[in-house]
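Enquirer: A predicted structure for the sequence below; I have some questions about it.
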Amino acid sequence: MASPQGSRAPLEFGGPLGAAALMLLLPATMFHLLLVARSGPARLLGPPPYLPGPEVLWSPRLLLLWLTWLGLQAALYLLPARKVAEGLELKDKSRLRYPINGFQALVLTALLVGLAVSAGLPLGALPEVLLPLAFAATLTAFIFSLLLYLKALVAPASALAPGGNSGNPIYDFFLGRELNPRICSFDFKYFCELRPGLIGWVLINLALLMQEAELRGSPSLAMWLVNGFQLLYVGDALWHEEAVLTTMDITHDGFGFMLAFGDLAWVPFTYSLQAQFLLHHPQPLGLPMASVICLIKAVGYYIFRGANSQKNTFRKNPSDPRVAGLETIPTATGRQLLVSGWWGLVRHPNYLGDLIMALAWSLPCGVSHLLPYFYLLYFTALLVHREARDEQQCLQKYGRAWHEYCRRVPYRILPYVY
Ligand SMILES: NC(=O)C1=CN([C@@H]2O[C@H](COP(=O)(O)OP(=O)(O)OC[C@H]3O[C@@H](n4cnc5c(N)ncnc54)[C@H](OP(=O)(O)O)[C@@H]3O)[C@@H](O)[C@H]2O)C=CC1
Ligand SMILES: CC(C)=CCC[C@@H](C)[C@H]1CC=C2C3=C(CC[C@@]21C)[C@@]1(C)CC[C@H](O)C(C)(C)[C@@H]1CC3
């Protein structure tokens, strides 16, 4: 049985009070964004146009639709995979195995949706039901997190995450107690991180594009760009699915409300904000400006993919010819830190690339409103906070070698600025 005391990791996110506030603030922000995106003034900081009552939010039909979506993605996860990858070593020295079939799930979903649309499924009507659908996703995330919390009560101590086991139920519910909750080989955190939310996001974008075509005869160039850029981002994540196994979410954070809500509700319903905005606020975009935006996206993607692939290749096999020539610092753990290549430019080059891409997703929406820049603002805050968390963890892992790395590579995300 898990000890109620658990580990004594320092509290993050402002402790239990911060966790409670975030559990209210995050869903409230998501509903605010959904409401203002379709309102005339579309003011990020203004009040919502109206407060939806239970009759708008609650729909058993849409809850069923949402559960069917989760069921479909779970079924695709269980299909035979082209590869089974091993995760990092756990506390008990074992390694978990993960199916690598996320891209296959994306392609099969696209085929199924294509078939359903040609058989008459009104996908363009989806934007009309985003509010009740987001409510169903939020409700599911709460109930799911509660079940995960209860499951952790009977998990062995070795299965618990380093944080999320403070003994305070609110804090632990938010952060998540168990590191890799599973039933047989079905890994809930890995499944949620990459499948229903990410694929749901591109499906919502597509539905918004189709509705724009119905309303205005054809989708706008701005809508095409936003759809194309975000599809590339999701396709890339699923193509490089194995790389998620070394992210902080999988290796360090427990699975609780933060990730369950983030993966299942926040990602599909707030990351599609630019396309939601464009449906209700069409923006003129000429080819010269569109080309500049594509160039910004390409630069961001080049840095993001280059940095992530360089680190993953190096972590998998430091003698791989693609990384063997890079300069490194040895650490007491036996692992090395890269100090040249992308990781010699700043300490988080992948965040820099991700932020440049986020800018490219907002620019097609013009500069008349702040609302489509919400993602860029939120993402900057998330990555600055995430960088600080990672920095703490690396300092604990690598001690003096990390200090040396910080001396050699003084900037965190943006060269000469931060
Ligand atoms: N769109 C979204 O909402 C979000 C996207 N992301 C993206 O996810 C991706 C993964 O991010 P994240 O999991 O935060 O962290 P990273 O992929 O940046 O991984 C950080 C880890 O990399 C290793 N590392 C750090 N410096 C070096 C170095 N110099 N040489 C070798 N290894 C090093 C350390 O782990 P170790 O040494 O143990 O290997 C460290 O803990 C990023 O591209 C990020 O932008 C993240 C959050 C949200
Ligand atoms: C504010 C809030 C609800 C916090 C929860 C944060 C989550 C939304 C994000 C934490 C880390 C994430 C990652 C991705 C999506 C957002 C969340 C879940 C990611 C899957 C996006 C695609 C990338 O290519 C990625 C695979 C590197 C990335 C991994 C981290």
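Expert: Arrived safely, thanks for sending. Ligands and ions are numbered 1, 2, ... in the order given.
Enquirer: where does the prediction get shaky in the stretch 101-250 of the chain?
Expert: Low-confidence regions of the stretch 101-250 of the chain, defined by pLDDT under 70, are absent; no residue qualifies.
Enquirer: who's sitting farthest from the centroid in this structure?
Expert: For the chain, the residue at maximal distance from the C-alpha centroid (C-alpha atoms, centre = their mean) is Gly217, at 32.8 Å.
Enquirer: give me the number of residues near the closest residue to ligand 2 within the stretch 201-350 of the chain?
Expert: Shortest the stretch 201-350 of the chain-to-ligand 2 distance, computed as C-beta to the nearest ligand atom: residue-wise this is Gly262, at 2.7 Å. Bear in mind the C-beta positions are built from the backbone N, C-alpha and C, glycine included. Here the neighbour count serves as a burial measure; for Gly262 (other C-beta atoms under 10 Å) it reads 18.
Enquirer: oh, and call the first residue 34 from now on, that's how I've got it
Expert: Shifting the count to begin at 34 puts that one at Gly295.
Enquirer: next one: Leu78 from Tyr408, what distance?
Expert: Spatial separation of Leu78 from Tyr408 under the definition C-beta to C-beta, to the nearest Å is 15 Å.
Enquirer: ugh, wrong one, Arg338
Expert: Distance of Arg338 to Tyr408, given as C-beta to C-beta: 19 Å.
Enquirer: now the residue of the stretch 34-183 of the chain at minimum distance from ligand 1, nearest residue through space, not along the chain?
Expert: For the stretch 34-183 of the chain and ligand 1, the shortest gap (C-beta to the nearest ligand atom) falls at Leu121, measuring 7.9 Å. The shortest distance from Leu121 to any residue other than its chain neighbours is 5.4 Å, reached at Thr284 (C-beta to C-beta, 6 or more residues apart in numbering).
Enquirer: same question for Lys430.
Expert: When the adjacent residues along the chain are set aside, Lys430 lies closest to Thr366, with 6.3 Å between them (C-beta to C-beta, 6+ apart).
Enquirer: what do you get for Lys330?
Expert: Nearest in space to Lys330, with sequence neighbours left out and distances taken as C-beta to C-beta, 6+ apart, is Ala393 at 3.7 Å.
Enquirer: in a strand, the one you found, correct?
Expert: No: remark: Ala393 does not belong to a strand; assigned using DSSP: H, G, I helix; E, B strand; the rest coil, it is helix.
Enquirer: from what I can see it touches Ser324, true?
Expert: No: with contact defined as C-beta atoms under 8 Å, Ala393 does not reach Ser324; the gap is 11.8 Å.
Enquirer: name the residue in the two with the higher neighbour count.
Expert: Each of Ala393 and Ser324 has its neighbours counted (other C-beta under 10 Å); Ala393 has more, 22 against 9.
Enquirer: show me what contacts the more buried one?
Expert: Contacts here follow C-beta atoms under 8 Å, 6 or more residues apart in numbering; on that basis Ala393 touches 262, 326-327, 329-330, 333.
Enquirer: ok, of the residues you listed, which come out buried?
Expert: Among the contacts of Ala393, the ones that count as buried by 16 or more other C-beta atoms under 10 Å are 262, 326, 329-330, 333.
Enquirer: now the residues you listed as JSON lines including secondary structure and distance to ligand 1?
Expert: What follows is the buried ones among the contacts of Ala393, written out as JSON lines (DSSP: H, G, I helix; E, B strand; the rest coil; distance: C-beta to the nearest ligand atom, whole Å):
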{"residue": "Phe262", "secondary structure": "helix", "distance to ligand 1": "12"}
{"residue": "Ile326", "secondary structure": "helix", "distance to ligand 1": "19"}
{"residue": "Ile329", "secondary structure": "helix", "distance to ligand 1": "16"}
{"residue": "Lys330", "secondary structure": "helix", "distance to ligand 1": "14"}
{"residue": "Gly333", "secondary structure": "helix", "distance to ligand 1": "10"}
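Enquirer: can you give me the strands in the stretch 34-183 of the chain?
Expert: For the stretch 34-183 of the chain, the strands identified by DSSP state E, counting those that start in this stretch occupy 117-119, 130-132, in order along the chain.
Enquirer: could you tell me the least trusted of these?
Expert: Within these, the least confident segment by mean pLDDT turns out to be strand 117-119, at a mean of 92.
Enquirer: between Leu78 and Tyr408, who's got more neighbours?
Expert: For Leu78 and Tyr408, the more surrounded residue by other C-beta under 10 Å is Tyr408, and the numbers stand at 20 against 8.
Enquirer: now name the helix or strand holding that one.
Expert: Tyr408 belongs to helix 407-431 when elements are defined using DSSP states H and E.
Enquirer: and that helix, what does it pack against?
Expert: helix 281-284, helix 300-303, helix 306-313, helix 382-395, helix 433-441 (3 or more C-beta pairs under 8 Å, 6 or more residues apart in numbering; DSSP states H and E).
Enquirer: what about the residue nearest to Tyr335 when sequence neighbours are not counted, neighbour count?
Expert: The spatial neighbour of Tyr335 that comes closest, neighbours along the chain excluded (C-beta to C-beta, 6+ apart), is Gly386 at 7.1 Å. Number of residues near Gly386 (other C-beta under 10 Å) recorded here: 21.
Enquirer: ditto for Leu90
Expert: Using other C-beta under 10 Å as the criterion, Leu90 is surrounded by 17 other residues.
Enquirer: just checking, it touches Leu164?
Expert: Yes: taking contacts as C-beta under 8 Å, Leu90 lies within contact range of Leu164: 6.2 Å.
Enquirer: residue contacts, the nearest residue to Gly196 once chain neighbours are set aside?
Expert: Counting by C-beta to C-beta, 6+ apart, the nearest residue to Gly196 once its immediate chain neighbours are dropped is Ala42, at 4.7 Å. Each residue near Ala42 by C-beta under 8 Å, 6+ apart is listed here: 195-196, 198-199.
Enquirer: now Pro113
Expert: Pro113 sits next to Asn134 when contact means C-beta under 8 Å, 6+ apart.
Enquirer: also His65?
Expert: When contacts are counted by C-beta under 8 Å, 6+ apart, His65 is found next to Pro81.
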